[in-house]
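A.B. asks: quick one, structure for this:
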Amino acid sequence: MEQPSESQRRAWARLKLDVNCGLRRGAWYRVVRLTEEEATVQVPRREQIRVPRRFLQTLFSRPRSWTVVPGPRDPNDPPGHWRPRYAVCPVCRGRTPITGYARELRCQRCNGLFGIAWDEQYLAAG
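C.D. replies: Numbering: from 1, shown residues only. All right, here's what the predicted structure looks like:
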């Protein structure tokens, strides 16, 4: 059942399945409307996108860790900058290639310093 937007708690969502629906893998988006079946998320500088909830992980507190995203599984002629994995900033959605296993990382885009969520295994199960 849908809640009125004024009383709805703040929520953020990101893809939990590797699907093509207009959202970037690993990026958190502000939820503007949430029902049992779908979420409407705000894509910065673009439109709002409706996504089935079964595709999403939803949080009711602001995410504070970098998401480690595996590189493309089967890229057709990948660009030269692709790495086996990259990290996505929890605040500005900036992406950065990662090597090694640092505990935290400063975002070059928003200057935020956040821990890296190595234990999440994001999209590992596919």
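A.B. asks: count of neighbours near residue 53?
C.D. replies: 15 (other Cβ atoms under 10 Å). (Each C-beta comes from the backbone N, C-alpha and C, glycine too.)
A.B. asks: residues touching it, list them.
C.D. replies: If you count contacts by Cβ atoms under 8 Å, 6 or more residues apart in numbering, residue 53 has them with 34-39.
A.B. asks: give me that answer again for 10 Å
C.D. replies: Residue 53 is in contact with 13, 16, 34-39, counting by Cβ atoms under 10 Å, 6 or more residues apart in numbering.
A.B. asks: can you pick the most crowded of the residues you listed?
C.D. replies: Neighbour count (other Cβ under 10 Å) singles out residue 13 as the most crowded of those, with 23 neighbours.
A.B. asks: for that residue, list each beta-bridge partner.
C.D. replies: Residue 13 has the following beta-bridge partners by DSSP bridges: residue 29, residue 58.
A.B. asks: quick one: it from residue 100, how far?
C.D. replies: 29 Å (Cβ to Cβ, to the nearest Å).
A.B. asks: do residue 37 as well
C.D. replies: Using Cβ to Cβ, one obtains 41 Å as the distance from residue 37 to residue 100.
A.B. asks: residue contacts, the closest residue to residue 63 other than its chain neighbours?
C.D. replies: Among residues not flanking residue 63 along the chain, residue 90 sits closest, at 4.1 Å (Cβ to Cβ, 6 or more residues apart in numbering). For residue 90, the contact set (Cβ under 10 Å, 6+ apart) comprises 12, 14, 26-28, 59, 62-67, 107, 110, 112, 114-115, 117.
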